[in-house]
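J.: Predicted model and sequence follow; I will ask about them next.
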Amino acid sequence: MSNKNKVAIIGAGMMGPGIAARAALAGHPTVLIDVSQERAEAGVEKALAAMQQLLDNGLAESDQTQRAIERLVAAPALAPHLADTFLIIEAVSENLALKQQIFTELDALAPADVIIASNTSGLRITDIAAHTAHPERTVTTHFWFPAHLVPLVEVVMGDRTAEAVAVKVKELLIGWGKAPVIVRKDLPGQLANRILQAILREATNIVGMGLATPEDVDTAVKMGMGIRFPAWGPLEHIDAVGLDLALSVQKDVLPGLCNDPQPVQSFCDLVEAGHLGHKTGRGFYDWRTKDMAALSAGRDRFIIEALRVLQAGEGPE
């Protein structure tokens, strides 16, 4: 039996540091890799900040965190770390050609027993691994941002992913404190993003039609269905209210919903005008006078409080 226990994360940008933090906290020697030592070290600093946040909020133990800090290293290349690596997670930007190049190189470099995963949020692992010799050991592990806080990880099987690989990755992620789900058909958007995009299409359509303001749409989601979702998912909710009632509502409502296969035009207009949200100061909202760091911190505090409730066993059975 292999004694390999190291996890390698490729990409120290938005997602890689949070994933690395979770791997190290779970007991794995972890290497965070980027194109330069400087960028990799910057990613490690983000991972350390993520660990500190978990520690400060009672979501990690002091000894556990100290050991994790000692396990986490930065590197500009994978090759020196391959001997004891059993899992590689690619977490670079959503660019199919780039991911294909990385996977082809990893497939040629890594022994056949090493699992190669992608953190893609929308691309198909079948396409990403199209040029590999061992697609059976490739799989999607889609962490949700912020990766060190949000429990969900979608484990998506490609057309040739081995069942045993998906099961092994799911079991591993449970040990990381995650809530993994296996998606057995490799569709764009996986599972949760498909649900989210349906919500976003209708939300942007409502705003575009002038039926409600962005503020009221967000309030309706956050203070209605959103606050209930940690207790009951949508299918649990349907069972609770009765399938007969839910079916009747669908028959009345579905014909009037947006079913356009293209993004809503008013959404496209914002992008074409250069209003991209936080990064440009304007999107559906005007963020130019807001403290973005404070907003992100507030989001994290909310997630942390929800995690505390779930960890304390005060959530739904």
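T.: Nice, I can see it. Numbers count the residues shown, from 1 in each chain.

J.: what's the helix or strand harbouring Ala24 in contact with?
T.: Here Ala24, judged by DSSP states H and E, is contained in helix 16-25. Applying C-beta atoms under 8 Å, 6 or more residues apart in numbering, the contact partners of helix 16-25 are 7, 9-10, 30, 32, 34, 43-44, 46-48, 50-51, 54, 60, 64-65, 68-69, 71-72, 89, 91, 119, 143, 145-149, 176-178. Bear in mind the C-beta positions are built from the backbone N, C-alpha and C, glycine included.

J.: In the stretch 101-250 of the chain, mark out all the helices, start to finish.
T.: Assigned by DSSP state H, counting those that start in this stretch, the helices in the stretch 101-250 of the chain fall at 125-128, 163-175, 192-208, 214-220, 226-228, 234-241, 243-253.

J.: Distance from the chain centre to the fifth one, please.
T.: In this view, helix 226-228 has its centroid 20 Å away from the chain centroid, taken as C-alpha atoms, centre = their mean, to the nearest Å.

J.: coming back round to it: put the buried members of the contacts of helix 16-25 into a PyMOL selection.
T.: Buried residues among the contacts of helix 16-25 (16 or more other C-beta atoms under 10 Å), as a PyMOL selection:
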select buried, resi 7+9+10+30+32+34+43+44+46+47+48+50+51+54+60+64+65+68+69+71+72+89+91+119+143+146+147+148+149+176+177+178
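
J.: so of the contacts of helix 16-25, which ones are in strands?
T.: Here DSSP state E is the test, and the contacts of helix 16-25 give Val7, Ile9, Ile10, Thr30, Leu32, Leu72, Ile89, Phe143 as lying in strands.

J.: Tabulate the residues you listed (JSON lines), appending distance to Glu305 and pLDDT.
T.: Below are the ones in strands among the contacts of helix 16-25 laid out as JSON lines (distance: C-beta to C-beta, whole Å; pLDDT from 0 to 100):
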{"residue": "Val7", "distance to Glu305": "29", "pLDDT": "98"}
{"residue": "Ile9", "distance to Glu305": "28", "pLDDT": "99"}
{"residue": "Ile10", "distance to Glu305": "32", "pLDDT": "98"}
{"residue": "Thr30", "distance to Glu305": "27", "pLDDT": "98"}
{"residue": "Leu32", "distance to Glu305": "28", "pLDDT": "99"}
{"residue": "Leu72", "distance to Glu305": "27", "pLDDT": "98"}
{"residue": "Ile89", "distance to Glu305": "28", "pLDDT": "99"}
{"residue": "Phe143", "distance to Glu305": "20", "pLDDT": "98"}
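
J.: Greatest separation within the residues you listed: which pair is it?
T.: Pairwise distances across those (C-beta to C-beta) peak at 16.6 Å, for the pair Leu72 and Phe143.

J.: What residue, apart from its backbone neighbours, is nearest Ile19 spatially?
T.: Nearest residue to Ile19 in three dimensions, chain neighbours excluded: Ala147, at 4.9 Å (C-beta to C-beta, 6 or more residues apart in numbering).

J.: Revised request: answer the last question for Arg184.
T.: Nearest one to Arg184, counting by C-beta to C-beta, 6+ apart, is Met157 at 5.4 Å.

J.: Surely the one you found and Ala164 touch.
T.: No - using C-beta atoms under 8 Å, Met157 makes no contact with Ala164, being 10.8 Å away.

J.: residues in contact with Ala306?
T.: Applying C-beta under 8 Å, 6+ apart, one finds that Ala306 lies in contact with Pro230.

J.: mind listing what Asn119 touches?
T.: Contacts for Asn119 (C-beta under 8 Å, 6+ apart) come out as Gly11, Met15, Gly16, Ile19, Ile89, Glu90, Ala91, Thr140, Thr141, His142, Phe143.

J.: give me every residue that touches the closest residue to the third one other than its chain neighbours.
T.: In other words, Gly16. Distances taken as C-beta to C-beta, 6+ apart place Ala91 nearest to Gly16, at 4.1 Å, with adjacent residues excluded. For Ala91, the contact set (C-beta under 8 Å, 6+ apart) comprises Ile9, Ile10, Gly11, Gly13, Met15, Gly16, Ile19, Asn119, Phe143.

J.: What separation do you get for Ala91 and Gly189?
T.: 18 Å (C-beta to C-beta, to the nearest Å).

J.: How about Pro230?
T.: From Pro230 to Gly189 the distance is 22 Å (C-beta to C-beta).

J.: So between these two, which is more surrounded?
T.: Gly189 (18 against 13; other C-beta atoms under 10 Å).

J.: Report pLDDT for the nearest residue to the more buried one once chain neighbours are set aside.
T.: Using C-beta to C-beta, 6+ apart and skipping residues adjacent in sequence, the residue nearest Gly189 is Gly122, 5.5 Å away. pLDDT for Gly122: 88.

J.: No further queries at this time; thank you.
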